[in-house]
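> Coordinates only, no sequence provided:
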């Protein structure tokens with residue numbers, strides 16, 4: 001009896017399964033056979049246009065039609081901070097960071113921001129891209145709608161760190177921070193949506209202490225935005241959190257995010273949020289990333305489910321290729337990136353790329369999974385260069401006053417790998433202590449040859465601000481780069497074109513694209529980077545130092561020359577002079593000693609220290625490898 005029940009149940013289950021599959025095929029077949037009266041009642045993608053209207057207008061009833069806004073940040077912003085000195089409340093201070101000063105700089109880079117999911121897709125591809133084209137992670141709604149401020153220009157960023165980060169020290173009280181920036185918006189041309197109005201935006205930053213995104217303000221632009229026109233508007237945010245400027249901007253080179261809250265759609269007499277809610281109820285978001293564009297499609301599911309290939313068919317018709325369970329081509333972007341072991345191998349692969357599929361975490365192969373409106377798919381064609389430049393972590397370091405001590409001091413920058421990029425900026429501040437000067441002179445000289453050669457050794461006490469020499473001699477030549485225990489003179493690396501350098505006012509900005517260009521390193525190990533500041537120090541005697549004499553000339557006359565040089569300058573004579581003992585036995589020397597008391601004075605050994613200090617700001621960007 002139990003066996004009979006099992007058999008009946010088994011065949012009932014099989015019958016239901018076959019029926020379900022047949023019903024699904026019948027449903028797809030029936031859609032093609034639907035009449036106009038049927039289609040007018042169906043909205044497959046939830047965009048408030050019935051399928052009949054979409055077909056008659058030449059639209060795809062399975063791709064939602066919504067207003068497409070391209071919103072981005074422009075690299076024009078100003079940050080103004082003000083406060084008082086803690087120990088002197090009557091003394092006020094303020095600083096302003098303003099990028100508009102860079103407009104006349106030929107190296108100024110005009111950048112715009114991008115949606116978060118693009119960054120998330122590319123980073124995920126970099127993490128496991130050499131193992132699989134399908135990657136996954138938790139995806140949230142803000143990944144689709146938030147726009148991230150673009151990377152801040154490194155040379156500008158480090159210059160602002162050196163100038164302004166000290167205002168966040170304990171001796172200063174911060175009262176107010178105001179942020180002004182420019183946004184650009186463009187409504188893509190559409191017959192359905194010729195204009196929108198009353199755009200509402202919110203702005204956020206990531207709080208590293210709370211480990212959450214925090215809202216810092218909002219704005220409403222009360223005007224119409226017409227299709228095909230790029231428009232710019234300025235936003236001012238008051239009472240900006242200290243952590244945004246200190247922890248994010250000055251310590252990490254990160255900034256803010258913008259989010260479209262809502263806007264009005266005059267052609268539908270509704271708000272965007274209402275339309276989007278209807279679309280999300282019936283459609284699956286698909287992000288399409290290529291080197292040329294980033295775009296979000298909503299593919300209609302009609303409250304059902306669809307497999308990956310069905311979704312691609314709706315989006316690209318026959319303009320895609322899947323082989324061996326891998327997406328290898330969409331339109332003219334096809335997989336041509338060769339297999340690799342380390343991402344650092346791909347730094348120069350700007351035109352070779354590969355398709356990656358990024359989704360929520362799935363329980364089965366993405367080709368077998370039936371996607372619903374709770375899922376998200378991101379399709380990204382990523383070049384080798386983009387893969388190699390996905391940041392795994394950033395290490396920031398700052399030294400307000402770095403100097404060489406009595407000999408040298410090594411200042412750690414952090415850990416790097418063969419796939420790291422390093423930027424640091426050095427600003428000359430102060431020099432003090434005894435400066436040693438040597439002036440080479442001679443007697444009876446012709447061209448470069450003299451009968452008697454001597455030096456005038458002097459110490460000069462100093463305490464002053466200074467600038468680096470344009471030739472990079474002097475103090476800059478005493479600053480070295482350390483890779484593990486190996487030492488490299490920065491000046492020489494610049495001359496050998498192994499590192500890039502440019503002047504930022506009085507500071508020098510240095511960029512290291514490849515540490516391996518300086519020293520061959522193991523790909524699988526981490527390597528420590530440091531800056532070594534050397535103090536030029538020594539022990540020497542001041543005064544006149546006899547150094548050499550022309551062959552065949554008399555030491556008698558040179559002794560006279562040395563004493564006369566010291567006497568005229570009212571300085572001493574160095575006992576470190578060449579053949580000093582013989583010099584003092586010359587009759588000319590003895591006569592001076594005998595007839596001019598105190599005219600011949602010997603110097604003593606003194607130590608000199610040519611101290612100097614610099615401000616140093618550095619950021620190591622460790623990319624996935």
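Noted; the coordinates are in hand. Everything quoted here is computed from the prediction, not taken from an experiment. Numbers count the residues shown, from 1 in each chain.

> Okay, now the unreliable bits of this protein?
Within the chain, the stretches with pLDDT under 70 are 1-29, 101-113, 303.

> switch the cut-off to 50
1-29, 108-111 (pLDDT under 50).

> mind checking the backbone torsions on the nearest residue to residue 505 once chain neighbours are set aside?
Spatial nearest neighbour of residue 505, excluding adjacent residues (CB to CB, 6 or more residues apart in numbering): residue 159 at 7.4 Å. The way it works is simple: take the backbone N, C-alpha and C, and place the C-beta from them, glycine included. Dihedral pair for residue 159: phi -60, psi -40, per degrees, to the nearest 10.

> Next SSE downstream of the host helix or strand of residue 547?
Element membership for residue 547, per DSSP states H and E: strand 543-549. Moving toward the C-terminus from strand 543-549, the first helix or strand encountered (DSSP H and E) is helix 555-569.

> Give me the packing partners of that next one, helices and strands only.
Applying 3 or more CB pairs under 8 Å, 6 or more residues apart in numbering; DSSP states H and E, one finds that helix 555-569 contacts strand 420-446, strand 449-465, strand 543-549, helix 580-584, helix 587-595.

> Hmm, residue 199 and residue 235 touching each other?
No. Between residue 235 and residue 199 no contact is recorded; they are 11.2 Å apart, counting by CB atoms under 8 Å.

> Wait, a helix at residue 344?
Yes. Assessed with DSSP: H, G, I helix; E, B strand; the rest coil, residue 344 lies in a helix.

> Just give me the neighbour total for it.
Around residue 344 there are 20 other residues, counting by other CB atoms under 10 Å.

> ditto for residue 190
Neighbour count for residue 190, taken as other CB under 10 Å: 15.

> before we move on, back to that, and residue 235 and residue 199? Which one has more around it.
Neighbours were counted for residue 235 and for residue 199 using other CB under 10 Å; residue 199 has more, 25 against 18.

> Mind listing the strands the helix or strand harbouring the more buried one pairs with, and their directions?
Using DSSP H and E, residue 199 sits within strand 195-207. Using DSSP bridges, strand 195-207 pairs in its sheet with strand 212-226 (antiparallel), strand 257-265 (antiparallel).

> follow-up on the earlier one: can you verify my assumption that the residue nearest to residue 505 contacts residue 503?
No. Residue 159 is beyond contact range of residue 503, at 10.8 Å (criterion: CB under 8 Å).

> which residues are common contacts for those two?
Common neighbours of residue 159 and residue 503 are listed as residue 509 (criterion: CB atoms under 8 Å, 6 or more residues apart in numbering).

> and those two? which has more neighbours close in?
A side-by-side neighbour count of residue 159 and residue 503, using other CB under 10 Å, places residue 159 first with 19 against 11.

> give the contact list for the more buried one.
Neighbouring residues of residue 159 by CB under 8 Å, 6+ apart: 425, 504, 505, 507, 509.

> Neighbours of the third one, how many?
Residue 505 sits with 8 neighbouring residues when counted by other CB under 10 Å.

> Repeat that for the last one.
Here the count is done by other CB under 10 Å, and residue 509 has 21 residues near it.

> Distance from the chain centre to the helix or strand harbouring it, please.
Here residue 509 sits within strand 507-512, counting by DSSP H and E. Computed by CA atoms, centre = their mean, to the nearest Å, the separation of strand 507-512 from the middle of its chain amounts to 14 Å.

> Adjacent strands (with direction) for it?
With DSSP bridges as the test, strand 507-512 is paired with strand 420-446 (antiparallel), strand 500-504 (antiparallel).

> Any figure for the gap between residue 512 and residue 481?
As judged by CB to CB, to the nearest Å, residue 512 and residue 481 stand 8 Å apart.

> Find residues that contact each of these two.
residue 518.

> Between these two, which has more neighbouring residues?
Higher neighbour count among residue 512 and residue 481: residue 481, with 25 against 21, using other CB under 10 Å.

> In contact with that one, which residues?
487, 488, 489, 490, 493, 518, 529, 530, 531, 532.

> Just the ones in helices from these, please.
Using DSSP state H, the subset of these located in helices is 490, 493.

> Let me know the closest of the contacts of residue 481 to residue 456.
For those, the minimum distance to residue 456 (CB to CB) is 29.0 Å, reached by residue 489.

> what residues are up against the closest one?
477, 480, 481.

> who's the last one bridged to?
Judged by DSSP bridges, the bridge partners of residue 481 are residue 488, residue 531.

> do the same with residue 183
Per DSSP bridges, the residues bridged to residue 183 are residue 73, residue 233.

> Could you give the number of residues near it?
By the measure other CB under 10 Å, the count of residues near residue 183 is 23.

> Ok, residue 583 next?
Residue 583 has 21 nearby residues by other CB under 10 Å.

> one step back: just say which of the strands paired with strand 195-207 is most tucked in.
Ranked by mean neighbour count, these are led by strand 257-265 with a mean of 19 (mean count of other CB atoms under 10 Å).

> Which residues does the next helix or strand after it contact?
Next in sequence after strand 257-265, counting helices and strands by DSSP H and E, comes strand 270-271. Strand 270-271 is contacted from outside by 48, 262, 263, 264, 265, using CB under 8 Å, 6+ apart.

> and with 6 Å instead?
262, 264 (CB atoms under 6 Å, 6 or more residues apart in numbering).
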